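Peer 1: with the input below, show me the fold.
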Amino acid sequence: MIIAVDGPTASGKGTIARALARHYGLPHLDTGLLYRAVGWQVAHNGGDPDKAEDALAATAFPEALLDEPELRSEATGSLASRVSVHPAVRAALLERQRAFAHQPGGAVLDGRDIATVIVPGADAKLFVTASVPARALRRWKEMRERGQDVSREAIEADLARRDERDSTRAEAPLRQAEGAALLDTSAMPPEVAIAAAIALVDRQTAGNISPRP
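Peer 2: Just a heads-up that it's a prediction; the model follows:
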């Protein structure tokens with residue numbers, strides 16, 4: 001079974017996707033991490049993330065880069081949003097994502113175009129969202145825990161810019177796929193959001209996915 005989880009930054013989609021993978025015993029891929037790796041590699045190469053040729057060259061990043069903690073930073077997230085607008089970059093990463101999704105037994109993937117582009121035929125599709133203030137508060141708390149001092153106002157502004165860029169890009173814009181269940185986590189603690197996501201997946205698959213024993 002293939003489960004597609006889409007949504008904007010800091011909506012909770014990653015937490016939900018990882019929980020779904022544990023619950024159903026499926027492998028998980030955070031596809032946004034691939035774009036973060038490209039963004040990081042562009043900066044490391046001294047290139048411009050807004051230039052398609054520089055971003056495309058960075059898709060040849062080493063596999064070990066996916067374990068780099070810096071990929072989770074806000075700065076790298078902004079770079080990822082910028083390189084993801086380039087059709088050539090998306091095409092270069094497309095087959096890697098599809099191969100992961102179609103491995104024997106299936107998988108859980110989260111990102112921004114999983115159910116619209118990568119695997120539109122997924123068995124279960126979720127679109128996880130939350131208000132910008134709620135998402136900014138979550139990200140602010142995460143950054144404070146990591147010792148990073150950033151204002152909530154700055155995070156809100158950055159999230160709004162990234163939402164605009166992701167939803168208006170010509171190639172694979174962020175949007176709710178046809179047939180995807182909407183899950184607004186603005187007022188939900190993680191455990192409630194996860195339970196709701198499991199219920200939605202069970203409903204879409206009519207209980208055909210068995211949880212891990």
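
Peer 1: distance of the most centrally placed residue in the chain from residue 117?
Peer 2: Among the residues of the chain, the one closest to the centroid is residue 111, at 2.8 Å (Cα atoms, centre = their mean). Distance of residue 111 to residue 117, computed by Cβ to Cβ, to the nearest Å: 9 Å. (Each C-beta comes from the backbone N, C-alpha and C, glycine too.)

Peer 1: how many neighbouring residues does residue 64 have?
Peer 2: 8 (other Cβ atoms under 10 Å).

Peer 1: assign a three-state SS to it, would you?
Peer 2: Of the three states, residue 64 takes helix according to DSSP: H, G, I helix; E, B strand; the rest coil.

Peer 1: local confidence estimate at it?
Peer 2: Note for residue 64: predicted pLDDT of 93.

Peer 1: check contacts around it.
Peer 2: Counting by Cβ atoms under 8 Å, 6 or more residues apart in numbering, residue 64 touches no other residue.

Peer 1: and residue 38, by the same measure?
Peer 2: Residues near residue 38 by Cβ under 8 Å, 6+ apart: 55, 58, 59, 61, 80, 83, 89, 93.

Peer 1: next one: it from residue 145, what distance?
Peer 2: Remark: distance between residue 38 and residue 145 (Cβ to Cβ) = 26 Å.

Peer 1: remind me which residues of the protein are low pLDDT?
Peer 2: Scanning the chain for pLDDT under 70 picks out the ranges 207, 209-213.

Peer 1: which stretches of it form strands?
Peer 2: With DSSP state E as the criterion, the chain has strands at 2-6, 28-30, 107-111, 124-129, 181-184.

Peer 1: residue 53: how many residues sit nearby?
Peer 2: The tally of other residues near residue 53 (other Cβ under 10 Å) stands at 11.

Peer 1: same check on residue 31?
Peer 2: With other Cβ under 10 Å as criterion, residue 31 counts 23.

Peer 1: doesn't residue 119 make contact with it?
Peer 2: No: Residue 31 is beyond contact range of residue 119, at 10.6 Å (criterion: Cβ atoms under 8 Å).

Peer 1: circling back: figure out which of the strands of the chain is closest to residue 70.
Peer 2: Residue 70 lies closest to strand 28-30 among the strands of the chain, at 15.1 Å (Cβ to Cβ).

Peer 1: how close does residue 72 sit to residue 142?
Peer 2: From residue 72 to residue 142 the distance is 9 Å (Cβ to Cβ).

Peer 1: likewise residue 34?
Peer 2: Distance from residue 34 to residue 142, by Cβ to Cβ: 21 Å.

Peer 1: follow-up on the earlier one: give me the common contacts of residue 31 and residue 119.
Peer 2: residue 109.

Peer 1: can you tell me which of the contacts of residue 38 is nearest residue 185?
Peer 2: Nearest to residue 185 among the contacts of residue 38 is residue 80, at 21.2 Å by Cβ to Cβ.

Peer 1: residues contacting that closest one?
Peer 2: The contact partners of residue 80, by Cβ under 8 Å, 6+ apart, come to 32, 35, 36, 38, 39.

Peer 1: same check on residue 35?
Peer 2: 80, 81, 83, 84, 89, 93.
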